[in-house]
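*Asks:* I'd like to go over a predicted model; first the sequence, then the structure.
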Amino acid sequence: MAHDKNQQLVKMINQIALNNAYDDDVDRAADAVASHVRKFWAKSMKQDIQALADAGGEGLNEIARAAVIRI
Amino acid sequence: MIEYYQPQAGQNPVFADLDLGTPAVDSDTNVTMSIDGIEVSVPAGTSVLRAAALAGIRIPKLCASDNLESFGSCRLCAVQIEGRRGLPASCTTPAEEGMKVTTQNTKLATLRRNIMELYISDHPLDCLTCPANGNCELQDMAGVVGLREVRYGFTGDNHLEAEKDHSNPYFSFDPSKCIVCSRCVRACEEVQGTFALTIQGRGFESKVSAGQDEGFLDSECVSCGACVQTCPTSTLMEKSIIDEGQPDHSVVTTCAYCGVGCSFKAEMKGNQLVRMTPYKGGAANHGHSCVKGRFAFGYATHKDRLTTPMIRDSIDQPWQQVSWDEAIQFAAKRIKEIQAKYGKDSVGGITSSRCTNEESYLVQKLVRTAFGNNNTDTCARVCHSPTGYGLKTTLGESAGTQTFDSVMQSDVIMVIGANPTDAHPVFGSLVRKRLRQGAKLIVADPRYIDLLKTPHLGESIHLPLRPGTNVALINAMAHVIITENLENQEFIRQRCDTDMYAKWREFIAQEKNSPEASADITGVSADLVRKAARTYAREGNSAIYYGLGVTEHSQGSTMVMGIANLAMATGNIGRDGVGVNPLRGQNNVQGSCDMGSFPHELPGYQHVAVDEFRKNFESAWGVSIDSEPGLRIPNMFDAAIEGAFKGLYVQGEDIAQSDPNTQHVQQALKSLECLIVQDLFLNETAKYAHVLLPGSSFLEKDGTFTNAERRINRVRKVMPPVAGKQDWEVTQDLSNALGYPMNYRHPSEIMEEISSLTPTFTGVNYERLEQLGSIQWPCNDMHPEGTPIMHVEDFPIGKGRFVLTEYVPTEERSNRRFPLLLTTGRILSQYNVGAQTRRTDNQVWHDEDVLELHPHDAEERGVCDGDWVGITSRAGDTVMRAVVSSRMQPGVVYTTFHHPGSGANVITTDNSDWATNCPEYKVTAVQVEKVTQPSNWQQRHKAFDEKQRGFLTGVAEQSEG
């Protein structure tokens, strides 16, 4: 079951990344994604996505991966 | 004993209860005249009839009403004017400077008596047993003119035996009582805009007819009630009045259906509601109504209403009826145990967009204080959360910019993903009125909505885009405006962040955003998009109205920002006739958002992470508030299934029916150890509950609703709560039982607390509401009477912010397995999950959800009108009846979700808006095929439903689903 929830978080953050991916500037996009997640995600969700990234970050796209570090 | 401020019902704007005969006229010049020796000054163009009424002189009248243009057919309002020949009708005679009018003398009296005599010679004299007795204009006029005899007798040709039409469930048509004044026909045209009624025949043969010799039910009549309201006799009469008699008192309150927020007079006999009539003093509706608010109130006294609190240990057990105290203690104990075992964050609450501001405020306060976390959300999550995000980011405030009346100044009305004639009918009528006056219409919608079929519509453009391609379309429109230099440079320079504008301009001018490039994506031809963009940018005041067809997408927030970009680029912000206007689905969507229901925001959209905001609430509430946002509804479901979220308090919402991917929701609800449901009925969610707390309807409580134009309207209690408590009292009891004290004695005290903590509400209190009738927030020292139009001088964030809106296609795409796109919507007669309207006679119009599909798609599948079809998506499958309809485009199918058994949300997926998690209800890839039996889910649902109903009545069904 926990796997499902993580999949959902990966889907969500990847989607945020796609919607903030301007001009191929990964840094800027990652900042925008991290800021969005900080503002709108619950603490437990932030912790889960960070744990997931620490464990290899399977499924995260490039911007999302860069963003998680900045949360 | 403290005396509460208890507002007097009906004490609202002047003249709200008077019929002044003809509509108000807007003019800069005044004319002064004398009527019966009284000097009167009125705007030029005002009728003599109205001028007299304003001076307190009531000239007899029958065919005139101040919500209709003057007609001059009854001649009862004849007057004598010095220096003029004859006795002109005062309703059609404009007031002129120096005019001297006499309203009563022997000649006029004789004329009026003769007119009444003719009317009465063909009218039944059964006044004592007539339902209009006590409220009949014809009877009143007969009395006023002093009619004493009818010299013609009653034996000649007459209409006394005319056949009655009882086909409409809410009103009867008795042509024998008709005086052919045409008020009903004119109300249908001028007020409602449907043109269903007509006068058939000439002279003596003239009669009111709904369509061509059809009964009312089969005609185009939409049951708005405008004709019934205006009828001066009992020809068109509410069945409730025929059955119960005339009301003895009335209270002004606010409708609890859609986000238009119409004001109504609840007309009562003792504690019994006998009629709802739209209140002329209501600033949102000006005396108009729709079939829901006007007639569909029977649910409030329906036998299914929950009247006793109930508890049970598990959802496989029958309910046990208990006292309020026992139920509250049981709920509090469970919540405390869960928090002790799984942690503070393992519980949460959902506020309702159907409940009052005060009730939503209390639920989120309970979550933030008694629960001690930010796990609060509202059903606005699944409808307009992208509006909150998108408008706040661009314009700086999470709300629409205009009043409804502003549309009467619009030259171009653009409607995107909304269907106002069904979902916001009273506003739909206002839009139609403006369209008849010549405003241009642009509709961006996959369906050919009814607004496009407005009688006497002028120029209109339909952009029939593919579901899910909104952003590509709005970008293409912006591209045209930028590349053809149609933007409003002055507005942009003065009002907007020019750096952000420059970046946006560069982005939007790219070739990929051109209408030609996006035509393949949207399915809308480049020419049509260019035409629409030019119309929007060039033709004066352009206003955008949008609905859930904008928000309920994976790019809902992006689209809202795209709309704001377009309005800013063309300077269509900050005055009458323009603006960006979300049409809110439920009565208090705006309010529940304003009240801090979202997990990241305190009341007034104050983010929990901002110390300054949080500290205000912490010191007022005496608790420390988490600086991290809590879980949103879909996150709660995921956490519940994972096992981290165990307790939920749901007030007035039916997440098991309204939220997408039903099977996922059901799984989440089953995972909870304590589900507390507070509702009027055993709704779908309540079937998974452990504590059932009876809710109170809008008729049973005091409070306020905030409509789509930010208008705060009073809700007034007209009858006692059936289970003894108003909803806010229940929340208060629960909070006290959990150990956080709340001691409000009246909702006005809750509003005072809200005002003290919310900068946009500082001027709002019940006394002010009583004085002003209603208030549009922001209402504070800068705007003491509220703010009808926002962003007139600047934005709350200073400069308007253009945001880049890259089109990102949804993952939900049609393919070989699921070749069609399903989109969902609403229908006029039903409301949301149908909990209310399904328990009224509105069922005669829509007693099941159906699947609409284009003739081509139907033919390909061998589907005929009325066939059962299975609809399958990757989330699930269900079965409905098919309706073949050319209103659909090929490849797109449509349904509603008003009936739980139809399982529309079994098919919708867990895709959601990237920014807010608002579900993507509007795009689901599906396959449709002919079938012969209900789906597996439907069979399981039926068995579960029967079992749970059995638990309620104590006769549990033996069969297990």
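*Replies:* Happy to help now that I have it. Numbering: from 1, shown residues only, chains lettered A, B, ... in the order given.
*Asks:* so which helix or strand takes in whatever residue of the stretch 601-750 of chain B ends up closest to chain A?
*Replies:* When distances are taken as CB to the nearest CB, the stretch 601-750 of chain B reaches nearest to chain A at residue B:628, 4.2 Å away. Placement of C-beta: from N, CA and C, glycine included. Using DSSP states H and E, residue B:628 is not contained in any helix or strand.
*Asks:* And for residue B:536?
*Replies:* Short version, using DSSP H and E: residue B:536 is in helix B:526-538.
*Asks:* same thing with residue B:664?
*Replies:* Per DSSP H and E, residue B:664 falls inside helix B:662-670.
*Asks:* Chain neighbours aside, what residue packs nearest to residue B:669?
*Replies:* residue B:688 (3.9 Å; CB to CB, 6 or more residues apart in numbering or on different chains).
*Asks:* mind listing what the one you found touches?
*Replies:* Counting by CB atoms under 8 Å, 6 or more residues apart in numbering or on different chains, residue B:688 touches B:315, B:656, B:666, B:669-670, B:672, B:675.
*Asks:* And what about the closest residue to residue B:779 other than its chain neighbours, helix, strand or coil?
*Replies:* Nearest residue to residue B:779, sequence neighbours excluded (CB to CB, 6+ apart): residue B:763, at 3.9 Å. Here residue B:763 takes the coil state, with states given by DSSP: H, G, I helix; E, B strand; the rest coil.
*Asks:* Let's see the pLDDT reported for residue B:763.
*Replies:* Note on residue B:763: pLDDT of 96.
*Asks:* before we move on, back to that, pretty sure the residue of the stretch 601-750 of chain B closest to chain A sits against residue B:345.
*Replies:* No: contact criterion CB atoms under 8 Å: residue B:628 and residue B:345 do not qualify, at 9.6 Å.
*Asks:* Now the common contact residues for these two.
*Replies:* Counting by CB under 8 Å, 6+ apart, the residues touching both residue B:628 and residue B:345 are A:42-43.
*Asks:* Helices of the stretch 701-850 of chain B, start to end?
*Replies:* B:727-738, B:747-757, B:766-772 (DSSP state H, counting those that start in this stretch).
*Asks:* Could you do the stretch 251-400 of chain B as well?
*Replies:* B:291-295, B:324-342, B:357-366, B:385-394.
*Asks:* most tightly surrounded among those?
*Replies:* Each of the helices of the stretch 251-400 of chain B was given a mean neighbour count from mean count of other CB atoms under 10 Å in any protein chain shown, and the largest, a mean of 28, is that of helix B:357-366.
*Asks:* what residue ranges in the chain are flagged as low confidence?
*Replies:* Using chain A. Within chain A, the segments meeting pLDDT under 70 span A:1-3, A:23.
*Asks:* nope, chain B
*Replies:* B:1-15, B:954-961.
*Asks:* what's the nearest residue to the spatially most central residue of it if we skip its chain neighbours?
*Replies:* Chain B has residue B:258 as the residue nearest its centroid, 2.0 Å off, counting by CA atoms, centre = their mean. Spatial nearest neighbour of residue B:258, chain neighbours left out: residue B:424 (5.4 Å); criterion: CB to CB, 6+ apart.
*Asks:* ditto for residue B:516
*Replies:* Residue B:516 sits nearest to residue B:526 (CB to CB, 6+ apart), 4.5 Å away.
*Asks:* And for that neighbour, the neighbour number?
*Replies:* 16 (other CB atoms under 10 Å in any protein chain shown).
*Asks:* can you check residue B:303 too?
*Replies:* Around residue B:303 there are 6 residues (other CB under 10 Å).
*Asks:* ok, it to chain A distance?
*Replies:* Per CB to the nearest CB, to the nearest Å, residue B:303 is found 41 Å from chain A.
*Asks:* Same check on residue B:464?
*Replies:* In this view, residue B:464 and chain A are 25 Å apart by CB to the nearest CB.
*Asks:* cool, residue B:301 as well?
*Replies:* Separation of residue B:301 from chain A (CB to the nearest CB) stands at 41 Å.
*Asks:* Next, the contact list for that residue, please.
*Replies:* Taking CB under 8 Å, 6+ apart, one finds B:273, B:722 in contact with residue B:301.
*Asks:* For it, give its distance to residue B:866.
*Replies:* With distances taken as CB to CB, to the nearest Å, residue B:301 is found 34 Å from residue B:866.
*Asks:* again with residue B:740
*Replies:* 56 Å.
*Asks:* Those residues of the stretch 801-950 of chain B touching chain A, which are they?
*Replies:* Taking CB under 8 Å from any CB of the partner chain, the part of the stretch 801-950 of chain B that reaches chain A is made up of B:804, B:806, B:808, B:910, B:912, B:914-917.
*Asks:* Relative to chain A, which residue of the stretch 151-300 of chain B is the closest?
*Replies:* Proximity of the stretch 151-300 of chain B to chain A (CB to the nearest CB) peaks at residue B:259, 24.2 Å away.
*Asks:* Would you mind listing what in chain A touches chain B?
*Replies:* Counting by CB under 8 Å from any CB, chain A comes close to chain B at A:1-2, A:4-5, A:8, A:12, A:15-16, A:18-19, A:21-22, A:36, A:38-46.
*Asks:* Buried members of those residues into PyMOL, please.
*Replies:* Buried residues among the residues of chain A next to chain B (16 or more other CB atoms under 10 Å in any protein chain shown), as a PyMOL selection:
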select buried, chain A and resi 5+8+12+15+16+18+19+21+36+40+41+42+43+44+45+46
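*Asks:* now the helices for chain A?
*Replies:* Assigned by DSSP state H, the helices in chain A fall at A:2-18, A:26-40, A:43-54, A:62-70.
*Asks:* any idea whether residue B:926 is helix, strand or coil?
*Replies:* Of the three states, residue B:926 takes strand under three-state DSSP.
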